[in-house]
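Asks: Fold the following for me, if possible:
(6 chains)
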Protein chains: 6
Amino acid sequence: MVPSRQHPIAERLMPRFSGEDTFMKLPRYRSENPTSIIVAGAPFDGGTTYRPGARMGPKALRHASWGLYPYHRQRAFFLTERTSVSDAGDLFVNPMSVENSLESIVNALDALPIGTRVLLLGGDHSISLAPLRVIRQKSGPLALIHFDAHTDMWDEFWGSRYNHATVIRRSVDEQLIDPAHSIQIGIRGSLDNSSEDHYGEELGITQISTDHWMDRGTSWVLQQIHSRVGRRPAYISCDIDVVDPAYAPGTGTPEAGGPTSYMVLSVLRGLHCHVLGADVVELAPDLDHTGNSALFAASLAYELLFCMAADDDSGILNKEMT
Amino acid sequence: MVPSRQHPIAERLMPRFSGEDTFMKLPRYRSENPTSIIVAGAPFDGGTTYRPGARMGPKALRHASWGLYPYHRQRAFFLTERTSVSDAGDLFVNPMSVENSLESIVNALDALPIGTRVLLLGGDHSISLAPLRVIRQKSGPLALIHFDAHTDMWDEFWGSRYNHATVIRRSVDEQLIDPAHSIQIGIRGSLDNSSEDHYGEELGITQISTDHWMDRGTSWVLQQIHSRVGRRPAYISCDIDVVDPAYAPGTGTPEAGGPTSYMVLSVLRGLHCHVLGADVVELAPDLDHTGNSALFAASLAYELLFCMAADDDSGILNKEMT
Amino acid sequence: MVPSRQHPIAERLMPRFSGEDTFMKLPRYRSENPTSIIVAGAPFDGGTTYRPGARMGPKALRHASWGLYPYHRQRAFFLTERTSVSDAGDLFVNPMSVENSLESIVNALDALPIGTRVLLLGGDHSISLAPLRVIRQKSGPLALIHFDAHTDMWDEFWGSRYNHATVIRRSVDEQLIDPAHSIQIGIRGSLDNSSEDHYGEELGITQISTDHWMDRGTSWVLQQIHSRVGRRPAYISCDIDVVDPAYAPGTGTPEAGGPTSYMVLSVLRGLHCHVLGADVVELAPDLDHTGNSALFAASLAYELLFCMAADDDSGILNKEMT
Amino acid sequence: MVPSRQHPIAERLMPRFSGEDTFMKLPRYRSENPTSIIVAGAPFDGGTTYRPGARMGPKALRHASWGLYPYHRQRAFFLTERTSVSDAGDLFVNPMSVENSLESIVNALDALPIGTRVLLLGGDHSISLAPLRVIRQKSGPLALIHFDAHTDMWDEFWGSRYNHATVIRRSVDEQLIDPAHSIQIGIRGSLDNSSEDHYGEELGITQISTDHWMDRGTSWVLQQIHSRVGRRPAYISCDIDVVDPAYAPGTGTPEAGGPTSYMVLSVLRGLHCHVLGADVVELAPDLDHTGNSALFAASLAYELLFCMAADDDSGILNKEMT
Amino acid sequence: MVPSRQHPIAERLMPRFSGEDTFMKLPRYRSENPTSIIVAGAPFDGGTTYRPGARMGPKALRHASWGLYPYHRQRAFFLTERTSVSDAGDLFVNPMSVENSLESIVNALDALPIGTRVLLLGGDHSISLAPLRVIRQKSGPLALIHFDAHTDMWDEFWGSRYNHATVIRRSVDEQLIDPAHSIQIGIRGSLDNSSEDHYGEELGITQISTDHWMDRGTSWVLQQIHSRVGRRPAYISCDIDVVDPAYAPGTGTPEAGGPTSYMVLSVLRGLHCHVLGADVVELAPDLDHTGNSALFAASLAYELLFCMAADDDSGILNKEMT
Amino acid sequence: MVPSRQHPIAERLMPRFSGEDTFMKLPRYRSENPTSIIVAGAPFDGGTTYRPGARMGPKALRHASWGLYPYHRQRAFFLTERTSVSDAGDLFVNPMSVENSLESIVNALDALPIGTRVLLLGGDHSISLAPLRVIRQKSGPLALIHFDAHTDMWDEFWGSRYNHATVIRRSVDEQLIDPAHSIQIGIRGSLDNSSEDHYGEELGITQISTDHWMDRGTSWVLQQIHSRVGRRPAYISCDIDVVDPAYAPGTGTPEAGGPTSYMVLSVLRGLHCHVLGADVVELAPDLDHTGNSALFAASLAYELLFCMAADDDSGILNKEMT
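Replies: Predicted structure coming up:
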């Protein structure tokens, strides 16, 4: 079945302060007319260790996306001329159970046609496990491109093994990602435990600290990603706290002294990988008094869609992942 | 054609911080399956004389409605067991032209099946003219029940004859309402011109000031409405600035010293009129830091739906209006 | 010299979101053309014991006043047909010295033509001493009508005898007010010291607690004021924390469980006293996220102007105070 | 062992914008010097079905309490002359597990000397189960005085039986409270299910709706409580959403059209029951832009302390509960 | 006639939290004593396609300017020693008609003495047409230096040809500017239509994207401007959304990933052009919770004044424009 | 006496949204068990010339510090393995008297064991005089490392010689600092008086403007500090307005166009001086809607502690200062 190629509703027909709440005003997902890529919300924040509120994230991110137009200046193509995309709405989550929530998301994603790529809008970072589990089943362990101030490699928190601070360690434990071809970008801040620094090293995962990024620049970061990830099946996870809180205060565990939004967006704009899934997590709108965090999160989601779409053009569309 | 009776999506299936953005999570309007009542947004604020922002109102009102359940305690019935309701989304408006916007809303409402009642979510008060024009065509001049701090009876403002300060005078001029059976409730505040006070009197419209309401109580207000309006075809227009700004700061022209939200909601809960249309206007979410204004506006809309639904039960459903 | 009778700039000529920052868009004070009443700002908050910020009060109060029109519904007259009013701007204060600031305000007020009545916009409550000192010189001890949650009768605070918590005791000490004909309205809240309750009693000042007001109603309060104050030379001091913080959160020492804004405004609207001066104090705009506190403060100032203006009509205009 | 009688740190020694963060600047609890009453925080919000954030409640409530003085105007006594009180700080909770959190709170309370009364600062409403379980062990089923917009009598939510919507039903199931001598005050709002209304009736619990309160007044409410509860061992649970959101917007599930803060505080000020424990729950400070919600919550806690202290004076102090 | 040289009121005489609301506390414009440069407000936002509120801009910008002192560190001169400046207040605009508003501004500017330079404070970007029309009459087509995230070269929006998205195209159409000597700086973001990118090229206008600026630096940008504009009569238009929203969230259509405020201010500080007029537009204070946007806008206005003043020193003062 | 080596309470035992309000959850200071370094609050803002509110600073800074862990990534050691630190709470200040407040702070610091280093949390900048006076007594004039947008070298303000604008000049006058070995970093903005620029030069103090920093980079700044200060006894004073207001809007006198938080933190991370005392001042939390300012201020305090601790390791611990 050939996916439909429906377009966002133009601002001329529906001003951006009105209309339905899909990402970029893309069409809603309909199972009888599937798309190559879907956007979906995962409004779960029961895995948060400090300030909650990411359950309100998908709604705010979508709202902020209404000012993003379908033609990408740097990539020089229209989103929906290159691929088909729809918004599948919010998936059911249970704020009181990370297990139920992950299971519910996995089931929803499993029900999609084979080969559908997903852009998941969190929610706290624990939700990333769900798409990783689903995609890994088909593609094998993924190359992870992970933007974050934190490594998220705690082993447990208050006895809980599944939460936003342990998600990357669990991804390794469950063999969802291949550390040797994975990379974490933007890491900074103080540590509870010096072993945190060494754990990533032992795993063989590449960590690019904010210091490195500042010293060596964005082109160097792109080289590191491309040389490490190449054309392997990849997953991109973007915790919005990667950026300095001046750019995204609306997040649960902000970390001062981060890169600018320009630096983060520029890496995504320069990326040419084989991206099978992606997420944007940790947007907590009630802490986002200016709306900047939602706009930044929406801009990340926009770039991730174009990353996936650019790849679609290479003939991968509608094939099974391998 | 028998309207469908679809129900709001239960919180158990979709937590109220997630899901699609229809009012109360009611189903979306589909022309092939019309409903007795529709909710629609009219995000126009080009008729504002002081602080703009009501164009953002429908979105925020719907979001705030997600905590409102379908069983009404005082009226003791389920909304969708008594009538059918759907959300038709936002109607096109042009923020730079009140004429275009009114015309667009009129056209959209005219396209609905005969007898459909509308609950319009503003937008500034100028949008009320559109449903009044549409309903009046079929029912004759309406009995207006108007909640507001202001009479909205200016003749013009900076040369403009159609804006939120002139809407009631225009309704009289266009013979959309019948002053003799209309009533304005909650009027208060200072005046630019002493003739404003007399104009309503000349028209024969009943004005219940906040002072009267405070002195004589809510039961007396209800008596006044019922004796004045009776079972005539009626329209209810609720400007959220009727209430004290402590209850709804997110509005363009707040007026200190108003009634409480309980007083306003109690009048609506006690109302038994033949309501063919209604609106909630002047919610400006960017001025609503606590969300209280949106919650109050959504509670008004909820009461208005039940007003209309209560009436539906009396056998009016699906008949033409007369 | 006959005061000029200039009017506020009409909204039709200058929308209320624009124009110069005088109270109600009244003309600026010019010494060559004095007015019967002047409005002046006293942006001092160095006498604050808890949250500062009242130095920003006059600006915000004036801004909020731009939606107040010159015709008073209940009093049924135009402000500037009954009296002449102008805005003298902000008087110099030194935020680091209450003594300098009081002296500066006294000097400025002393320089006005004899008989000019002043409406002072605070600033914290310590600024009230300045107009009381100036008016008392000419009129003898004043009957004080004091709206406040607090009695402001501490003797000192951290060794300071002049601050917002001691202002009424100082007024008694300096014989600026006559306790036997003074009244405090809205008193409530917890006490540091049980003697606070007894001090007012010893002085013979009448105290109407919030409890009394709630129990006996606004008409009773008005009777108490009129019987106590009569036609003596009076001064009205309004601390905006008299009202429940729901109505005015933007103040330094809010006290839960207060009267509504309607109750306070209604007392002022019913007042018929011989008011030689007045103030509105303790508006702290940076704590006023909704703008409600500024609007309430402006509405108080509006009522105070009409109190004074109503009296002007009785033939007192342009005479010396006695 | 005779409890110590330590007093709050006076504002004269430590301005209320400074110092340690105990409730009312009371001394910290020390096991070697126990007090008759303790205040403790329970910063858990993992049982929230809509907007989270109550985990931040205890901190904000304490901060807001610094302007509350130890002498109670209506009750006419000093808190620490009547009883001894200390602040035991925050008890450990696990935001990801209601079971762990309740167990942790129970253990902490069980470790207190027999007869210690507790004022628990939430957190969401699910935390009330912990003190009820502890006190019930010694006193038998309690008479519950419950202020809330909601009955909190759902049976489960998304499969979870322990959360803020089920807490009262669980209290009945676990026989922690005696429905026949319990009372719910302030109930209002729409219902998911008409059976909610009947369940309380079946249990024999008294429900005073906001409508009843508004119609019959505060004295009538007090009569209802006193006749129902009498001098039985009682527990008071205050969900801050009992009040209209104008007074306390900073809460997870606000309900428009509620009573004023004055009405709620007046009931507590008039209460003369044998209160063995109490709580204030559902303060979500990140939604409380004005600080009013925290101030209201602190004022509730203040009244609850005086309720318990008033009783202490009747000779109950330092005896075991029976 | 020699313009007067009046100075800002010193902070020592009037603290910056008090006094009249002129820009930098400069004197008000008086027609009998004109100045070389005037500052004026144009509080119109009826040309906004997304979030309104720029009508509140001039007031907030002036308020924020009170901390800007008259000596410029980098340019090393005192503003009012080099030129004369006054604040002409807000010009009349009609929020419901862009035509009326432009006409009103044009009339006001036309009434100024020949050679007066204007710094206009918006308002949305549509207001720039007015000063361009006035200046162009005397100087011929202007070299435009345009700071903005957007090119503002749409042809129409919802049928409206005059609004903030079309203003630059209209300036070209009306031959107000000379594209060959004009330059747009800071352009970025997604496009509705790929032809937008080409239109500027066709016109021959230079566009410096944010990417170019980031890559090549501020000195290179200055070279581009100087080589393109030279000493031709120039106009500078600053849309505050040129900067990243971290620096100015209070604007209607923010665009993530922009330059820093330092980068923008540095270009203006290095500019040596023959500037006959300038504006700062799109400040929407109700979206500016931190006040940063107003401070940035005021800092832009400050730099623009010094740009014009620096030029005045070169002997141009008081001559007619040519 | 060997200072104890107590550690912060781990997040595992007390989630960071709960627990006592010490900096980083360090132990409280106890005189019977002193520590090498103490943190103390100085909540005074009576020396503020523009927006007050810094009296609320210490509380907010501590709250924000709860997410800072004890292991420093760049310095690669645990804070409390290198030194001992405790939090001495807030010192008494009198908001109405800078003299009383300085005296009170001096007395409190003088009472500490000889050799104790202090990290003072302001409050406005005038509080820096107190620790400078105390340390200078023992160490002689200090090398000052001063981060600020402003030189704070006014001679007086409204007749007051001790306030936040004069603090550095007073430090020179009182010979507390040695200008020849002192350095000011981040200076920028407009000037009231051109002599301000020259005064520092005359004193021989090094001033690194924001322009210099931007041009030459952070390594160059570090060289300048190290060459100027060397291993002399040093004091570091950090006014949070050194950073661009995008990073710290919650401050009284923000200055647009500043460095990033990364730049400031990087200088502190690279510093190797002999630091005997330090402060972080001018955090005004009521202006800090996002919490970013408090987080940045806490991050500065964190870096300052590690600066001092790094030095402790060199064998200076527990010796008298010389």
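Asks: Residues of the stretch 101-250 of chain A that sit close to chain E?
Replies: A:244, A:246-247 (CB under 8 Å from any CB of the partner chain). Placement of C-beta: from N, CA and C, glycine included.
Asks: now with 6 Å?
Replies: A:246-247 (CB under 6 Å from any CB of the partner chain).
Asks: Now do the helices in the stretch 101-250 of chain A.
Replies: Using DSSP state H, counting those that start in this stretch, the helices assigned to the stretch 101-250 of chain A run over residues A:129-139, A:167-173, A:195-203, A:210-229.
Asks: And the residue of chain A found nearest chain D, what's its pLDDT?
Replies: Going by CB to the nearest CB, chain D is nearest to A:P52 of chain A, at 3.8 Å. pLDDT recorded at A:P52 is 97.
Asks: worst average pLDDT in the helices of the stretch 101-250 of chain A?
Replies: When I compare the helices of the stretch 101-250 of chain A, helix A:195-203 is least confident, with a mean of 83.
Asks: could you give the mean pLDDT of stretch A:141-153?
Replies: Computed over stretch A:141-153, the average pLDDT equals 97.
Asks: Give me the contact list for it.
Replies: Here stretch A:141-153 makes contact (CB atoms under 6 Å, 6 or more residues apart in numbering or on different chains) with A:125, A:165, A:167-169, A:175, A:177-178, A:181-189, A:199-200, A:225, A:229, A:232-239, A:241-242, A:255.
Asks: out of those, who's near chain F?
Replies: Answer for the contacts of stretch A:141-153 near chain F: none qualify (CB under 6 Å from any CB).
Asks: Of those, keep whichever come out buried.
Replies: Buried members of these, scored by 16 or more other CB atoms under 10 Å in any protein chain shown, are A:125, A:165, A:167-169, A:177-178, A:181-189, A:199-200, A:225, A:229, A:232-239, A:241-242, A:255.
Asks: so A:L121 makes contact with A:G41?
Replies: Yes - counting by CB atoms under 6 Å, A:G41 is a contact partner of A:L121 at 4.8 Å.
Asks: What sits closest to A:T253 if chain neighbours are left out?
Replies: A:Y50 (4.9 Å; CB to CB, 6 or more residues apart in numbering or on different chains).
Asks: For the one you found, give its distance to D:P43.
Replies: Distance of A:Y50 to D:P43, computed by CB to CB, to the nearest Å: 11 Å.
Asks: what about the two, which has more around it?
Replies: Per other CB atoms under 10 Å in any protein chain shown, whichever of A:Y50 and D:P43 has more neighbours is D:P43, with 26 against 20.
Asks: surely that one meets F:S18?
Replies: Yes - the pair D:P43 / F:S18 is scored as a contact, 4.3 Å apart, by CB under 6 Å.
Asks: Which of the helices of the stretch 101-250 of chain A sits closest to E:P95?
Replies: helix A:210-229 (43.3 Å; CB to CB).
Asks: Show me what that closest one is packed against.
Replies: If you count contacts as 3 or more CB pairs under 6 Å, 6 or more residues apart in numbering or on different chains; DSSP states H and E, helix A:210-229 packs onto strand A:183-187, helix A:261-269.
Asks: The first one: how far from the chain's middle?
Replies: It stands for strand A:183-187. Relative to its parent chain, strand A:183-187 has a centroid offset of 14 Å by CA atoms, centre = their mean, to the nearest Å.
Asks: backbone phi and psi for A:S84, please?
Replies: phi -110, psi 140 (degrees, to the nearest 10).
Asks: And it, how far from A:L276?
Replies: A:S84 is 16 Å from A:L276, where distance means CB to CB.
Asks: A:D90 too?
Replies: 22 Å.
Asks: go on, A:R216?
Replies: Taken as CB to CB, the span from A:R216 to A:L276 is 28 Å.
Asks: Between these two, tell me which one has more neighbours.
Replies: A:L276 (26 against 13).
Asks: what comes into contact with stretch A:130-137?
Replies: A:102, A:105-106, A:109-110, A:118, A:120, A:171, A:176, A:276-277.
Asks: With stretch A:220-228 instead?
Replies: Outside of stretch A:220-228, the residues within contact range by CB under 6 Å, 6+ apart are A:145, A:181, A:183, A:206, A:208, A:213, A:267, A:270.
Asks: Return the member of the residues you listed nearest to chain B.
Replies: Checking the contacts of stretch A:220-228 one by one against chain B (CB to the nearest CB), the nearest turns out to be A:I145, at 27.2 Å.
Asks: okay, and the common contacts of A:L121 and A:G41?
Replies: Joint contacts of A:L121 and A:G41 (CB under 6 Å, 6+ apart) are A:P58.
Asks: can you tell me how far the residue of chain A found nearest chain C sits from chain B?
Replies: Closest to chain C within chain A is A:H289: 9.6 Å, counting by CB to the nearest CB. Counting by CB to the nearest CB, to the nearest Å, the separation of A:H289 from chain B is 8 Å.
Asks: What of A:H63?
Replies: Going from A:H63 to chain B by CB to the nearest CB gives 7 Å.
Asks: do you know how far that residue is from A:L283?
Replies: On the measure of CB to CB, A:H63 and A:L283 end up 11 Å apart.
Asks: quick one: which of the two has more around it?
Replies: A:L283 (34 against 23).
Asks: Please name the residues that touch the more buried one.
Replies: A:57, A:61, A:240, A:293, A:297.
Asks: And for A:R188?
Replies: By CB under 6 Å, 6+ apart, A:R188 lies in contact with A:149, A:209-210, A:255.
Asks: beta partners for the residue positioned nearest the centre of chain A?
Replies: Central residue of chain A (CA atoms, centre = their mean): A:D279, 1.8 Å from the mean position. Here A:D279 sits in beta bridges with A:L120, A:S237, going by DSSP bridges.
Asks: you'd agree it is up against A:L120?
Replies: Yes - A:D279 is in contact with A:L120 according to CB under 6 Å; the separation is 4.1 Å.
Asks: what about stretch A:117-127, how long is it end to end?
Replies: Stretch A:117-127 has an end-to-end distance of 16 Å (criterion: CA to CA, to the nearest Å).
Asks: what do you get for stretch A:105-121?
Replies: Per CA to CA, stretch A:105-121 runs 12 Å from first to last residue.
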